[in-house]
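Chemist: sequence? don't have it. structure:
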């Protein structure tokens, strides 16, 4: 019967916590900024009767929610693993992203519905106030985007989705500015619902994407940047390894891939050196730090496959 070995190598343990406090600061600052301005925009949208402003506020609401959830997720993720939750709370981050994605889709559907009515019956909009508010909105978003760019948005799905939200927001503000200018100079009342529809399309696209990505992780999908075949081939190249089976690669949260597999070796390959070799390949070539590998000697057969390995 094969031995179970669990390999853990902490290559970049320290950089992680450092990145986290940076992320927290970036998320917190942009959260305060965006939440504060969203309130301004809702009041402004109601007073000026502008759907474009309200839809931008809807986008900002989802932003603020996304940032708030991300912060909450990072705080929860820091809680230590327990006997009942052996991975700690790292998964919550992905559940938060999924909820956020679904909310985005709902908000955009509501805007489509509102805009549809406005197309047939464009109401009076106070375009001057709308212009002023949307210009300030653009500036707020630029500042928030700049803050988030300094967090590590390549590593962390939450910081990245927050960053994408803010970029979408920027476009929303630009849309509202253009619509306000068209109303001021040409009296085109219809510019307002058009701008809001454009924002709604942006919102629904990012909503679907975030939902899809988080769903993939929740379904234990293979991380997008890892190819099963490449990992398998690399392990098969270890001297005296005859086959690799029962391989699974999944992720707990973004940027935390896990792998488990059985490695069968022929002849007198030393069990420990094969295990060590496999772990260093996974760590160095594929950045997989958490792996559970069962190493088996070929002639023992595979107990879990009724004596035949396939």
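Modeler: Everything's here; your move. Note that this is a predicted model, so its numbers are computed, not measured.
Chemist: Find the residue closest to residue 29 in space, skipping its chain neighbours.
Modeler: In space, and not counting its chain neighbours, residue 29 is closest to residue 147: 5.1 Å by Cβ to Cβ, 6 or more residues apart in numbering. Just so you know, the C-beta spots here come from the backbone N, C-alpha and C atoms, and that holds for glycine as well.
Chemist: residues contacting residue 59?
Modeler: 107, 165, 168-169, 172, 199, 202-203 (Cβ atoms under 8 Å, 6 or more residues apart in numbering).
Chemist: Now go through those residues and say which are in helices.
Modeler: 107, 165, 168-169, 172, 199, 202-203 (DSSP state H).
Chemist: May I see these organised as CSV, with distance to residue 49, pLDDT and neighbour count added?
Modeler: Listed next are these as CSV, based on distance: Cβ to Cβ, whole Å; pLDDT from 0 to 100; neighbours: other Cβ atoms under 10 Å:
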residue, distance to residue 49, pLDDT, neighbour count
107, 19, 83, 22
165, 26, 74, 31
168, 23, 76, 22
169, 21, 80, 29
172, 17, 79, 31
199, 17, 82, 29
202, 22, 79, 22
203, 21, 80, 29
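Chemist: Please tell me how far the residue nearest to residue 29 sits from residue 53.
Modeler: 23 Å (Cβ to Cβ, to the nearest Å).
Chemist: and the two? which has more neighbours close in?
Modeler: More crowded of residue 147 and residue 53, by other Cβ atoms under 10 Å: residue 53, with 33 against 20.
Chemist: Now that one: which helix or strand?
Modeler: Using DSSP states H and E, residue 53 falls within helix 51-77.
Chemist: Report the buried residues of that helix.
Modeler: 51-71, 73-74, 77 (16 or more other Cβ atoms under 10 Å).
Chemist: Just give the nearest non-adjacent residue to residue 137, would you?
Modeler: Spatial nearest neighbour of residue 137, chain neighbours left out: residue 173 (4.1 Å); criterion: Cβ to Cβ, 6+ apart.
Chemist: Quick check: the one you found touching residue 133?
Modeler: No - Residue 173 is beyond contact range of residue 133, at 9.0 Å (criterion: Cβ atoms under 8 Å).
Chemist: rewinding a little: how near is the residue nearest to residue 137 to residue 296?
Modeler: Distance from residue 173 to residue 296, by Cβ to Cβ: 60 Å.
Chemist: before we move on, what about residue 245?
Modeler: Residue 245 is 10 Å from residue 296, by Cβ to Cβ.
Chemist: Please say which of the two ends up with more neighbours.
Modeler: The neighbour count for residue 245 versus residue 296, taken as other Cβ under 10 Å, is higher for residue 296 (22 against 16).
Chemist: three-state assignment of the more buried one?
Modeler: What DSSP: H, G, I helix; E, B strand; the rest coil gives for residue 296 is strand.
Chemist: So what sits opposite it in the bridge?
Modeler: With DSSP bridges as the criterion, residue 296 is bridged to residue 264.
Chemist: In this structure it contacts residue 264, no?
Modeler: Yes - between residue 296 and residue 264 there is a contact under Cβ under 8 Å: 5.0 Å.
Chemist: any low-confidence regions in this structure?
Modeler: Filtered on pLDDT under 70, the chain yields the residue ranges 1-20, 77, 80-81, 85-88, 151-158, 299-310.
Chemist: The longest helix anywhere in it - contacts with which helices or strands?
Modeler: Longest helix in the chain by number of residues (criterion: DSSP H): helix 13-48. Secondary-structure packing of helix 13-48 (3 or more Cβ pairs under 8 Å, 6 or more residues apart in numbering; DSSP states H and E): helix 51-77, helix 127-149, helix 157-186.
Chemist: Now render those as CSV, adding distance to residue 94.
Modeler: Shown next, in CSV, are these (distance: least, Cβ to Cβ, whole Å):
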stretch, distance to residue 94
helix 51-77, 8
helix 127-149, 19
helix 157-186, 8
